[in-house]
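Asker: just need the structure, nothing else, for what follows:
(4 chains)
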Protein chains: 2
Amino acid sequence: MLSKKTKYGLKALTYIARKGNNEPVQIGEIAKNEHISQKFLESILLTLRKSGFLGSKKGKHGGYYLIKKPSDILMTDVMRVLEGPIALVSCVSLNFYEKCDDCPDEASCSVNKLMIQVRDSTLNVFKNNTLEDISR
Amino acid sequence: MLSKKTKYGLKALTYIARKGNNEPVQIGEIAKNEHISQKFLESILLTLRKSGFLGSKKGKHGGYYLIKKPSDILMTDVMRVLEGPIALVSCVSLNFYEKCDDCPDEASCSVNKLMIQVRDSTLNVFKNNTLEDISR
DNA sequence: GTAATCCCTATTAAGTCGATAGGAATAATA
DNA sequence: TATTATTCCTATCGACTTAATAGGGATTAC
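Answerer: Residues are numbered from 1 along each chain as shown, chains lettered A, B, ... in the order given. So this is what the prediction gives:
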């Protein structure tokens, strides 16, 4: 299951992208319109800023804005920041690889074999979707 | 992330399938060879039996055996029993659909749009893999 | 200088997961 | 019949994670 963090993060990015202009958008506005806890959203946007997706302006009339064009923001990158590994088991993760303690031989592991396929097909979807695509 | 329940369940099914014959295989043997907590595996095999994947024989020389041919056991079915919904959000689940409380309109929801694609591509992998395929 | 906003850290309540415990029921076999 | 090996069932526990909350600091517009 997708975490609420990821879900809210995607919704917030979409919200900002749909505004079109480069004016900073306030947390409160997004929270209200997307029905998200404001404090929770605050921490999510902070994460997105620190990972280079959003810029921020402090103080009155401050807010968050996109740093790149929506068409340049790939879902692979967003998902990895918000949700973590895309693979369902760490032994098939490209960016977060870890050997399983129980499994002595990945080549003969049926779970490994299946999950590689899932990873690749999911990755394919994320590679082919930018923020612009899902905001349409 | 895949739960250990699912991972162990798949490994156990594979283990039984690879034996080839229809002799009951004991929990202890599987647990030992696959490095799984025996008691935990016990509950998983119970689930698989109750959902019609495995038959069991009680008492001495008892154990679990496959009810269907490995080539007739689809990963879609196994995954739904062990892991639950295949979709990452319930609002795109085919078998466990539930409306999101926050989202007023699925048609305009970017998360919905993206997750439908993920669901379909994952589903496609599971549809095209039987227990025989992953046991090879 | 005041109000609005982002920034940061800490804490908490609830839920889930993996594992464990203990014994009941059943079947093979000596 | 007694013994042993196995599945069956329910209950419980500790560790971890998640979503949310709290409180105040820093910064900026006006």
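Asker: okay, CA-based contacts and neighbour counts for the rest of this
Answerer: Fine.
Asker: do stretch A:116-132 and chain B meet?
Answerer: Yes. Under the criterion of CA under 8 Å from any CA of the partner chain, stretch A:116-132 makes contact with chain B via A:117-118, A:121-122, A:125, A:129.
Asker: now a PyMOL select for only the buried ones of the residues you listed.
Answerer: Buried residues within those, by 16 or more other CA atoms under 10 Å in any protein chain shown, are selected in PyMOL with:
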select buried, chain A and resi 117+118+121+122+125+129
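Asker: show me what secondary structure element comes after the helix of greatest length in chain A.
Answerer: The single longest helix within chain A, with elements called by DSSP state H, is helix A:110-127. Using DSSP states H and E, the helix or strand that follows helix A:110-127 in sequence is helix A:131-135.
Asker: from the chain's centroid, how far away is that next one?
Answerer: Computed by CA atoms, centre = their mean, to the nearest Å, the chain-centroid distance of helix A:131-135 equals 13 Å.
Asker: ok, now stretch A:14-29?
Answerer: Mean-position distance between stretch A:14-29 and its chain equals 17 Å (CA atoms, centre = their mean).
Asker: just the residues contacting it, thanks.
Answerer: A:30, A:38, A:41-42, A:56-57, A:61-66, A:70, A:131-132, A:134-135, B:110 (CA atoms under 8 Å, 6 or more residues apart in numbering or on different chains).
Asker: which of the residues you listed fall in strands?
Answerer: Mapping the contacts of stretch A:14-29 onto strands (DSSP state E) picks out A:56-57, A:63-66.
Asker: and those as a markdown table, adding distance to residue A:13, neighbour count and pLDDT?
Answerer: Formatted as a markdown table, the ones in strands among the contacts of stretch A:14-29 follow (distance: CA to CA, whole Å; neighbours: other CA atoms under 10 Å in any protein chain shown; pLDDT from 0 to 100):
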| residue | distance to residue A:13 | neighbour count | pLDDT |
| --- | --- | --- | --- |
| A:56 | 13 | 17 | 97 |
| A:57 | 16 | 14 | 97 |
| A:63 | 13 | 19 | 98 |
| A:64 | 10 | 24 | 98 |
| A:65 | 9 | 22 | 98 |
| A:66 | 8 | 23 | 98 |
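Asker: mind picking the two most distant members of those?
Answerer: A:57 and A:66 (11.4 Å; CA to CA).
Asker: circling back: restrict the contacts of stretch A:14-29 to contacts with DNA strand D.
Answerer: A:38, A:57, A:61-62 (CA under 7 Å from any atom of the strand).
Asker: just among those, which is most surrounded?
Answerer: Highest neighbour count within these, by other CA atoms under 10 Å in any protein chain shown: residue A:38, with 16 neighbours.
Asker: any idea how far it lies from residue A:10?
Answerer: According to CA to CA, to the nearest Å, residue A:38 stands 15 Å off from residue A:10.
Asker: and residue A:41, by the same measure?
Answerer: 11 Å.
Asker: who's more crowded, the two?
Answerer: Higher neighbour count among residue A:41 and residue A:10: residue A:10, with 24 against 20, using other CA under 10 Å.
Asker: the more buried one touches residue B:111, doesn't it?
Answerer: Yes. Under the criterion of CA atoms under 8 Å, residue A:10 makes contact with residue B:111 at 6.6 Å.
Asker: and stretch A:68-80, what's its mean pLDDT?
Answerer: Across stretch A:68-80, the average pLDDT comes to 98.
Asker: ok, and the closest non-adjacent residue to residue A:102?
Answerer: With sequence-adjacent residues excluded and distances taken as CA to CA, 6 or more residues apart in numbering or on different chains, residue A:102 is closest to residue B:35, at 5.5 Å.
Asker: tell me the spacing between that neighbour and DNA strand C.
Answerer: Distance, residue B:35 to DNA strand C, by CA to the nearest atom of the strand, to the nearest Å: 9 Å.
Asker: could you do residue A:74 as well?
Answerer: For residue A:74, the distance to DNA strand C (CA to the nearest atom of the strand) stands at 22 Å.
Asker: repeat for residue A:34
Answerer: 14 Å.
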